[in-house]
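**Student:** Test case, fold it:
(one chain, ligands or ions: 1)
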Amino acid sequence: MPKPAPFSTPPDQLLPLEAQAEHGELLALIANADEAYHGLDAPVMSDAEYDVLRRRAEAIESLFPHLKTSGLAAKVGAKAQEKFAKVRHRVPMLSLANSFSREDVADFEARIRSFLGLGAAEPVILTAEPKIDGLSLALRYERGRLVQAATRGDGEEGEDVTINAGTIADIPHQLRGDVPAVFEVRGEAYLGHADFAALNARQREAGEKEFANPRNAAAGSLRQLDASITASRPLRFFAYAWGDVERLPADTQFGIVQTFKGWALPVNPLMKRCAGVDEVLAHYAAIEAMRAGLGYDIDGVVYKVDRIDWQQRLGFVGRAPRWATAHKFPAEKATTLVEAIDIQVGRTGALTPVAKLRPVTVGGVVVSNATLHNADEIARLDVRIGDTVVVQRAGDVIPQVVDVVMAQRLAGAAPYAFPHVCPCDLRTPVAKETTAAGIESVVRRCTGEFACPYQRIEHLKHFCSRRAFDIEGLGDKQIAFFFEKGLIKEPGDIFTLAARDAMPGNLQRIQNYEGFGEVSTRNLFAAIEARRTIQLERLIFALGIRHIGETTAKMLARNYGDWASFDAAAMRVAAGDVEAAAEMDAIDQIGETVIDAIRSYFSESHNRAIVDRLASELTVIDAEQAAKDSPVAGKTVVFTGSLEKMTRDEAKAMAERLGAKVAGSVSKKTDLVVAGPGAGSKLKAASELGIEVVDEDGWLTLVGG
Ligand code: IVH
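**Tutor:** Model (predicted):
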């Protein structure tokens, strides 16, 4: 008679993987008991024992709701989770800057030297390792045990894939040896070539869609709501980085990754420590020569500064570390036929010609569209419909047409005439722009702005995109659909969609449209509702103001703090308020171009109305003031004279990291002047204005450096 297992750990102390295993065991025991009791009429345990099992399974399900779907209440067969929970990364997951040539790599090293102020004789040790073409994962280990796995997502927030990652044989559930109490390992999950081919063969036989490449297959396999599918796909893993850690086990990149190996984590065997540019380039050539035989996809070689203290000093610019670069392999090329040239209208009205190609495989991916950039590029290449062209694809970059095979041009092929009107129904005239400096831009723009349906759709797509509002279930296809049906014409409409849908007398309920249904409509409304509360920086970015990318949006958000202040400043700038513009200009990384863009956006009454309707639907979360706790947060600092312990770039980056603004000149807004030997007029101005002055050591003491 099977006895209940000694399930002794209190349910709320179980780790996710333990909970999953135990839950499975409990269900098996319960099912067995049910079968014996009802089917065979031969009970295998007492009612009291049976109740203990059920209560424990229920307790686990209430603590780990994702197990519920396959649990006690589920009917026949295990149903998958409905969606992944979100995980906020304690340390953002960033990307890498790219290098494409020897010169780029030499510049990378030169920038490091200059930033750190290294003498010519000082070697810069770099590690060089393959750039794995998979998807990045963050694995959180506590006391050596795997407690959480998350995808990268937008870098700030990913998806909880703990159960799925737990099925990957390469990922240990328990690390070996002396592991810090908290250690988040980062690395790449990928699928090997042979496993990819076998998976696609199985997909084909089952009449399912095949994957375009191993990376898509790996991503599709990991992001399965039903973890048993992940378990059936032989994903692999290489560890190469870390996130939130209690302490580091070594003081070099190489040392830490070697320690990983000792902890039972798989690391790439081709990682090498190199002394400078020549050595990394030699290793790059060696890896490139081995590429075809590795058995998994790589798309370049990553170089990282080996010394961790230098990495910390170098820090980040935008979303990428200054201390690393990805040296990409040359783009792959193929030739094919141009069947047509389409014109796409972007969010800002820019017309982009796109070559419609006879599908061709370039580096393992089927390509049927390639950008031709702009009218000048078409003229330069002299691309004509019917031409045979060379297409190139480099990593994630959109494929492009790089050459025309003139020998294969058909007699009578006419030169391509770039349209003078927008392809939208309005047929609005297209204009070339001239910059403030009088230079004519190569870009042709539709002048229709919000009257142009293409621009409106692109605006909405941008609004919902991952780094903006990131509304699940409201992808490009759905936006185009809702726009066409007249249900969403501008961002604010998204947040009134559910209420309008539920209005009495509404005959066109969304759930009745093909492809929606009750559940997906409910999920969509919930996803929209979840985004009604939004961070200020995302909102500013989502507005789609020209020249305001994510970094600029973040700078604006951090500076103005809340929506009302930003909005008021933007309105003052739009109204021609010189002081408001000067204040904006003082923000790091913000200059005339951005200010002009804000001015023209907010002085357009149509935009104003759209923004107001949107804002009235939202709750905006104030911006995180960078490094609130630091003594210089929010202060304006000026460095002057020479610095001895760090370069000017480094000092500036350090101050910004601590939430200070670095200004070039002293004014009454300056809070602190850091003066080194040789300081002159700025120091004088500071003492005249009664501003606090410290020397370099004083600065370092202040910031705890
Ligand atoms: S280091 C702070 N090393 O490439 C940067 N990344 O383009 C930490 N990747 O998101 C990343 N192989 O998914 C690093 N050996 C390697 C890598 C690697 C692949 C991926 C990673 C990252 C992306 C950036």
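**Student:** Show the average pLDDT along the helix ranked longest in the chain.
**Tutor:** Longest helix in the chain, counting residues (DSSP state H): helix 16-34. The average pLDDT for helix 16-34 rounds to 81.
**Student:** Relative to the whole chain's centre, how far out is the helix or strand just after it?
**Tutor:** Next helix or strand after helix 16-34 toward the C-terminus (DSSP states H and E): helix 47-63. The chain centroid and the centroid of helix 47-63 are separated by 41 Å under Cα atoms, centre = their mean, to the nearest Å.
**Student:** and what of stretch 283-298?
**Tutor:** On Cα atoms, centre = their mean, the centre of stretch 283-298 falls 26 Å from that of its chain.
**Student:** likewise stretch 338-352?
**Tutor:** Distance of stretch 338-352 from its chain centroid, counting by Cα atoms, centre = their mean, is 26 Å.
**Student:** for the stretch 251-400 of the chain, what are the low-confidence residue spans?
**Tutor:** Scanning the stretch 251-400 of the chain for pLDDT under 70 picks out the ranges 395-396.
**Student:** again but with the chain, I slipped
**Tutor:** Judged by pLDDT under 70, the chain has its weakly predicted residues at 1-6, 35-43, 68-82, 395-396, 435-437, 625-629, 705.
**Student:** The ligand contacts on that one?
**Tutor:** Residues of the chain lying close to the ligand by Cβ under 6 Å from any ligand atom are 94-96, 129, 131-132, 136, 188, 240-241, 302, 321, 324, 326. For glycine as for every other residue, the C-beta is placed from the backbone atoms N, C-alpha and C.
**Student:** In this protein, which residue sits closest to the ligand?
**Tutor:** Using Cβ to the nearest ligand atom, the point where the chain gets nearest to the ligand is residue 136, with a distance of 3.2 Å.
**Student:** what's near enough to touch that residue?
**Tutor:** Neighbour list for residue 136: 93, 151-152, 186-189 [criterion: Cβ atoms under 8 Å, 6 or more residues apart in numbering].
**Student:** In strands only, show me these.
**Tutor:** When those are checked against strands (DSSP state E), the matches are 151, 186-189.
**Student:** Which among those count as buried?
**Tutor:** Among the ones in strands among the contacts of residue 136, those buried by neighbour count (16 or more other Cβ atoms under 10 Å) are 151, 186-189.
**Student:** tell me the two of those that are most distant?
**Tutor:** Spanning the widest gap among these are 151 and 187, at 12.3 Å by Cβ to Cβ.
**Student:** which residues do these two both contact?
**Tutor:** 136-137.
**Student:** picking that back up, got the buried ones among the ones in strands among the contacts of residue 136 as TSV, with distance to residue 535 columns?
**Tutor:** TSV is the format used below for those (distance: Cβ to Cβ, whole Å):
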residue	distance to residue 535
151	20
186	24
187	28
188	28
189	28
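**Student:** Going by distance to residue 264, which of those wins?
**Tutor:** Using Cβ to Cβ, residue 187 is the member of these that sits closest to residue 264, with 13.3 Å.
**Student:** Please determine how far the closest one is located from residue 302.
**Tutor:** Residue 187 sits 12 Å away from residue 302, taking Cβ to Cβ, to the nearest Å as the criterion.
**Student:** what residues do these two have in common as contacts?
**Tutor:** Common neighbours of residue 187 and residue 302 (criterion: Cβ under 8 Å, 6+ apart): residue 240.
**Student:** Helices of the stretch 201-350 of the chain, residue ranges please.
**Tutor:** All helices of the stretch 201-350 of the chain, identified by DSSP state H, counting those that start in this stretch, fall at 214-222, 227-231, 253-262, 277-290, 308-314.
**Student:** and if you look at the stretch 351-500 of the chain?
**Tutor:** 375-381, 453-464, 476-484, 491-494, 497-501.
**Student:** that older thread, what's the most buried one of the helices of the stretch 201-350 of the chain?
**Tutor:** helix 214-222 (a mean of 21; mean count of other Cβ atoms under 10 Å).
**Student:** what's the distance between that helix and the middle of its chain?
**Tutor:** Here the centre of helix 214-222 is set off from its chain's centre by 17 Å, with Cα atoms, centre = their mean.
**Student:** Return the set of buried residues in stretch 443-462.
**Tutor:** Using 16+ other Cβ under 10 Å as the test for burial, stretch 443-462 gives 443-446, 448-449, 452-462.
**Student:** Repeat that for stretch 168-186.
**Tutor:** With burial defined by 16+ other Cβ under 10 Å, the residues of stretch 168-186 counted as buried are 168, 170-172, 175, 179-180, 182-186.
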